[in-house]
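Novice: Structure, please.
(one chain, ligands or ions: 3)
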Amino acid sequence: METQLLEGKKLAEKMQSEMKVRVNSLLEKGKIPGLTVLLVGEDKASQVYVRNKERQATKVGIKSEIIRLPETISEAALIEQVEQLNEDASVHGILVQLPLPKHINEQEVLRKIDYSKDVDGFHPMNMGNFLLGNASALPCTPYGIMELLKAYDISLEGKNALVIGRSNIVGKPMALMLMEKNATITIAHSKTKNLKELAQQADVLVAAIGRGHMITGEFIKPGAVVIDVGMNRDEAGKLIGDVDTASVMGIASYVTPVPGGVGPMTITMLLDQTIKKVEAE
Ligand SMILES: NC(=O)C1=CN([C@@H]2O[C@H](COP(=O)(O)OP(=O)(O)OC[C@H]3O[C@@H](n4cnc5c(N)ncnc54)[C@H](OP(=O)(O)O)[C@@H]3O)[C@@H](O)[C@H]2O)C=CC1
Ligand SMILES: Nc1nc(=O)c2c([nH]1)NC[C@@H]1CN(c3ccc(C(=O)N[C@@H](CCC(=O)O)C(=O)O)cc3)C=[N+]21
Ligand SMILES: [Mg+2]
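Specialist: Ligands and ions are numbered 1, 2, ... in the order given. Have a look, this model is predicted:
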């Protein structure tokens, strides 16, 4: 079987050129979309994200700012930063980069964001509305993956979908979105016993694990659609996914490359949700 790449980067570029038009018409009304990121410490995947996000936000005309904070910042001081941004009318979107250092309670910080400025969809109000089927902001990574599947006309109805990983930011919302499109979902995690057998039955496999090249060709059902969310570094410092892409070639029907697959789509959804906040004003 010939395996096709799901080219997130190309779709992201196309969507972003449409966004430029939207931003321009906001600018004509004197409105500049503003996105501020709070980055605490030095998480590797976060650094990649922040760098690309800055570049792409600027390209579509969003005013993007990063506030870098030390690893040692207290939870109270971080919440104070969030509250300042809540009050700032030039900031339409607030993103607190995850993970946060161990001494900070992530949920406590996220719930302090004004949920109408939560462009990541992680505030409990937005998560709750999403779970109930009337979302106003969606988690960007699974949202971007759904857009990518849609652009390639990949149908999910009745498919067996396996999501490996159950984080709040990727795995859990991903499974829910696939279910909304009538896939039959299975969620695997570190305590799952028969991962390979489950994977071999999956028509759609999403790897959101954080372990470089863990998913090889022998996990893949012939013809499966493989989505690689992982952003890991190999020993040489190269960016690699959770899927060993070379080894699934010829087995899968589709696979997302790393880089150039899910990552650019995540950023695109973030920009889209930021612009939407201003359009709704
Ligand atoms: N491309 C993009 O846009 C994005 C990429 N990422 C990347 O995606 C990956 C996952 O991110 P995130 O969800 O935040 O990570 P987390 O570390 O929060 O979650 C990882 C999940 O994988 C599970 N897991 C770990 N080891 C195994 C194993 N051996 N077998 C089965 N399951 C396992 C964990 O299980 P348990 O719950 O039991 O611990 C957990 O549920 C990372 O590489 C991250 O950098 C993240 C966000 C966006
Ligand atoms: N609150 C919060 N929301 C997130 O969405 C979030 C987060 N925290 N913390 C970190 C993870 C990681 N993440 C990435 C998104 C895009 C790329 C990305 O642009 N990847 C390019 C890399 C290109 C390159 O530089 O080589 C690609 O895959 O093509 C990477 C990583 C979002 N995350
Ligand atoms: Mg923590």
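Novice: sec struct for Met179, please.
Specialist: Put simply, Met179 is helix when judged by DSSP: H, G, I helix; E, B strand; the rest coil.
Novice: ugh, wrong one, I meant Val37
Specialist: Here Val37 is recorded as strand under three-state DSSP.
Novice: Please apply the same query to Lys112.
Specialist: coil.
Novice: for Lys172, same thing?
Specialist: Per three-state DSSP, Lys172 ends up helix.
Novice: list the contacts for the nearest residue to it once chain neighbours are set aside?
Specialist: Nearest residue to Lys172 in three dimensions, chain neighbours excluded: Arg166, at 5.5 Å (C-beta to C-beta, 6 or more residues apart in numbering). Any C-beta I mention is one placed from the backbone N, CA and C, and that applies to glycine too. Counting by C-beta atoms under 8 Å, 6 or more residues apart in numbering, Arg166 touches 172, 175, 187, 189.
Novice: Now for those: which two are most distant?
Specialist: The most widely separated members of the contacts of Arg166, counting by C-beta to C-beta, are Ala175 and His189 (11.1 Å).
Novice: quick one: which of those two has more around it?
Specialist: The neighbour comparison of Ala175 against His189 (other C-beta atoms under 10 Å) goes to Ala175, with 22 against 13.
Novice: That one belongs to a helix?
Specialist: Yes - counting by three-state DSSP, Ala175 is part of a helix.
Novice: Check whether Lys112 really touches Glu80, as I assumed.
Specialist: No - in this structure, Lys112 is not within contact of Glu80 by C-beta atoms under 8 Å, at 9.3 Å.
Novice: Those two: which has the busier surroundings?
Specialist: More crowded of Lys112 and Glu80, by other C-beta under 10 Å: Lys112, with 19 against 12.
Novice: can you pull the pLDDT of Gln201?
Specialist: Note on Gln201: pLDDT of 98.
Novice: ok, it - how many residues close by?
Specialist: As a burial measure, Gln201 scores 12 neighbours (other C-beta under 10 Å).
Novice: Same check on the one 5 residues further on?
Specialist: A total of 31 residues lie near Val206 under the criterion other C-beta under 10 Å.
Novice: and it, what does it touch?
Specialist: Applying C-beta under 8 Å, 6+ apart to Val206 gives the contacts 145, 161-165, 171, 174, 178, 227, 229.
Novice: any idea whether it is helix, strand or coil?
Specialist: Going by three-state DSSP: Val206 is strand.
Novice: Bridged to it, which residues?
Specialist: On the basis of DSSP bridges, Val206 is bridged to Val163, Ile227.
Novice: Start at 828, not 1
Specialist: In the new count, where the first residue is 828, that last one comes out as Val1033.
Novice: Just the element for the residue nearest the centre of the chain, please.
Specialist: The centre of the chain sits closest to Thr968, judged by C-alpha atoms, centre = their mean, with a distance of 1.9 Å. Per DSSP states H and E: Thr968 is located in helix 967-978.
Novice: Mind listing what's buried along that helix?
Specialist: Buried residues in helix 967-978, counted by 16 or more other C-beta atoms under 10 Å: 967-976, 978.
Novice: which one of the residues you listed sits closest to ligand 3?
Specialist: Checking those against ligand 3 by C-beta to the ion gives Thr968 as the nearest, at 19.0 Å.
Novice: Touching, the closest one and Gly998? I think so.
Specialist: No - assessed by C-beta under 8 Å, Thr968 is found out of contact with Gly998, at 9.6 Å.
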